[in-house]
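Q: Okay, structure incoming, though there's no sequence with it:
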């Protein structure tokens with residue numbers, strides 16, 4: 001059976017309605033949430049603006065928005081792994097921070113990318129200090 005599910009955009013707070021297949025109203029709500037929608041409940045009224053007629057039509061906008069957050073986390077994790085090699089880790093961490101800052105807010109992946117990027121930058125700074133302190137050719 002098809003149910004109309006009332007949802008809300010996490011970034012703008014605007015409401016929209018999708019149609020979702022499900023055996024029961026609870027199953028339709030669960031499936032809408034698993035597809036990435038912020039499902040609020042079943043649509044009783046016909047006043048909410050209709051964005052798409054199916055979950056597939058409404059999902060790509062969210063997937064594109066999360067791309068920056070995922071990129072931020074991947075770059076920051078690479079920077080953390082390579083923190084002992086500052087010429088590689090510093091640019092990766094900075095790129096991770098930039099992607100994280102410009103990703104849409106409200107994403108835990110975005111926050112993780114920013115935090116891991118900052119940790120990678122700090123550890124890379126310690127690695128630079130260690131390289132200078134331990135390198136015999138750089139001492140005066």
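A: Received, thanks. Bear in mind that the values here come from a model prediction, so they are computed numbers and not experimental data. Numbers count the residues shown, from 1 in each chain.
Q: switch to C-alpha atoms for all contacts and neighbour counts from now on
A: Noted.
Q: distance of residue 93 from residue 13?
A: Using C-alpha to C-alpha, to the nearest Å, one obtains 31 Å as the distance from residue 93 to residue 13.
Q: for residue 126, same thing?
A: 42 Å.
Q: quick one: secondary structure of residue 137?
A: Here residue 137 takes the coil state, with states given by DSSP: H, G, I helix; E, B strand; the rest coil.
Q: next SSE after the worst-scoring helix or strand of the chain on mean pLDDT?
A: Lowest mean confidence among the helices and strands of the chain (mean pLDDT, DSSP states H and E): helix 55-58, at a mean of 43. From helix 55-58 onward toward the C-terminus, using DSSP states H and E, the following helix or strand is helix 60-81.
Q: Residue 3: what secondary structure?
A: strand.
Q: mind checking how far it is from residue 137?
A: 71 Å.
Q: all strands of the protein, in order?
A: Counting by DSSP state E, the chain has strands at residues 2-8, 15-21, 38-42.
Q: what residues are up against the spatially closest residue to residue 73 that is not a sequence neighbour?
A: The shortest distance from residue 73 to any non-neighbouring residue, by C-alpha to C-alpha, 6 or more residues apart in numbering, is to residue 113 (3.8 Å). Taking C-alpha atoms under 8 Å, 6 or more residues apart in numbering as the definition of contact, the neighbours of residue 113 are 69, 70, 72, 73, 74, 75, 76, 77, 96, 97, 100.
Q: top of those by neighbour count?
A: Using other C-alpha atoms under 10 Å as the neighbour test, the contacts of residue 113 are led by residue 76, with 33 neighbours.
Q: Contacts only, for that residue.
A: 92, 93, 95, 96, 97, 113, 114, 116, 117, 120.
Q: could you measure it against residue 67, distance?
A: Per C-alpha to C-alpha, residue 76 is found 14 Å from residue 67.
Q: so which of the contacts of residue 113 would you say is closest to residue 86?
A: For residue 86, the nearest member of these is residue 76. The distance, counting by C-alpha to C-alpha, is 13.1 Å.
Q: still on that earlier bit, residue 126 and residue 13: who's more crowded?
A: Each of residue 126 and residue 13 has its neighbours counted (other C-alpha under 10 Å); residue 126 has more, 15 against 10.
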